[in-house]
Every structure is written in C-alpha cells, then in structure tokens.
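In: Provided below for reference: sequence and predicted model.
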Amino acid sequence: MSSIYLIDYYSNSIDSIIHRSSIISKLIFLVLVLSSILLTKSLINLLFIVSTIFILIIVAKLPFLKILKWSLFLVFFASLFAVSQIGYGLLPIQTTLKAMSASLLMLLIICTTPYPEIFSIFNRISTTLASIMFLSYRFFFLLLDEIEMKLKAIKIRGGYSGSLIKRMKNIGMLIGSLFILSIEKSERIYNILRIRGFKGKVYCFREHEFAPRDLLLIGIGLIILLGMFV
C-alpha cells in the first residue's frame, strides 16, 4: 500500500489519546518541540527528545518500525550534509539526530491527525499557505514511494557495490533524477487536483474543541522546552 494511503488510514482508523487530542494542542506541541530541536546544542537533550517521541508513537498505537523507516529517508539526506561536518566533534551526530527527531515529530502529528484538520487551521491564516502545505504534504509521500522504488532498483542492479567513488556517483545520479522527477510530479499532481475541483481551500467540518486531555501534549512540549535550560 502507498505511504500516503497508510498515513490516511493511521490518522482516521486508529483510536488513541493522541488521536483524540485537538489539532490546536498538537500544533502547540509541534511548535514547542520543534523549537527545542532547532535551538538545542546538547546531545543529551536530543536523545531525550527522540526517546520521548518514540514513547508517544507507541502510545499512539502507530507501527513503530514503519514510522522509523519513513523517518530514515530524511535522515539519509541529512547524513550527506553531516559528512561535511566530520572533524567538528559531535556536530555530525547532532545534525543527524535533529533530522531524525524532526521527521519523527512531523510523522507523529500527521499520522494521528486527519489532514483536513491540519490544513483547515492554516486557512484562517492564508488560503495560499494552506494550499502550499497541502500540496507539499501530498507530494512528499508520493516522492517517498518513488525514492523507495529507485533505491530498490539501485540495489538490484548492484549500485551499492564497487568503490566508494562509484557508489557516490550512483547516489548523485539518484538525487539528480529525483530532482527532475519532483518537478514533473508536482505539476502533474497540481493539474489532477484542479481537474477534480480543487479551489485552493481545504475544508474541515470537525469543531476544534479544547479538552483536558489536550494538556498532556502541551505539558510534554513544555517539559522538553524547559529541559533545555536545566
């Protein structure tokens, strides 16, 4: 099954305290934790953030290994950048952990929240912003499927064997082909959505009610943020 359909299934069919939390509390949690990830320079803090997100994924009853696998795609590209930081102490590890924690955080939110709820919130700010984020969301996971298929094709054809230079060349060709593919696919997705009547606005008929259970995520987010100053 395609990644995007699995995400829609996880967000709509699984029942957990995190799924039942309001989108407002999830966005506050997202901002708090993402700020902590970007600002922290402590390896211990990053490990604490990753561990906390792991626990929340389990509490949300999401398939742990599947979520971890999806997050590794972003970690792969971050590790290419981290290679250039070798020689700067723990900086390469911190860069990789930041990418992993950010991707796990985003996956936790989108796998526990139906996408109309997420993007309808941004309609209040800007319909253009909501449209851009909605199209990016649909496109990102379609691109993930393409990356997975191409990585399998490279493995079958022996692209991971040979010298380091040959392997780096194959990775470079993969990144180049993905760049061209991303442009073509984004135009195709936009045209398909226009044909289906997409008018640049995402609607949601669920009320954004705040309940006591929402304090759980906000509290965890505050603990993570305050932990930076301890």
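Out: That came through, no problem. Predicted, not measured: the structure shown is a model, and the values here were computed from it.

In: pull the longest helix from this structure.
Out: Using DSSP state H to assign secondary structure, the helix with the most residues in the chain is helix 164-195.

In: pLDDT averaged over that helix - what is it?
Out: When pLDDT is averaged over helix 164-195, the result is 72.

In: next one: that helix to chain centre, how far?
Out: Between the mean C-alpha point of helix 164-195 and the mean C-alpha point of its chain there is a distance of 18 Å (CA atoms, centre = their mean, to the nearest Å).

In: buried residues in that helix?
Out: Applying a neighbour-count criterion of 16 or more other CB atoms under 10 Å, one finds Asn170, Ile171, Leu174, Ser186, Leu193 buried in helix 164-195. (Glycine included, C-beta is placed from N, CA and C.)

In: with stretch 82-90 instead?
Out: Buried positions in stretch 82-90, judged by neighbour count with 16+ other CB under 10 Å: Ala82.

In: in stretch 74-84, which of the residues would be classed as buried?
Out: Buried positions in stretch 74-84, judged by neighbour count with 16+ other CB under 10 Å: Leu74, Val75, Ala78, Ala82.

In: which helix or strand contains the second one?
Out: Okay, so that is Val75. helix 64-83 (DSSP states H and E).

In: helix 164-195 and that helix, what's the angle between them?
Out: Angle, helix 64-83 to helix 164-195, by axes from the mean of the first three to the mean of the last three CA atoms, to 10 degrees: 120 degrees.

In: show me what helix 64-83 is packed against.
Out: Here helix 64-83 is seen to pack against helix 43-59, helix 91-110, helix 127-156 when contacts are counted using 3 or more CB pairs under 8 Å, 6 or more residues apart in numbering; DSSP states H and E.

In: contacts for it, please.
Out: Here helix 64-83 makes contact (CB atoms under 8 Å, 6 or more residues apart in numbering) with 3, 6, 54, 57-58, 91-93, 95-96, 98-100, 102-104, 107-108, 111, 144, 147-148, 171.
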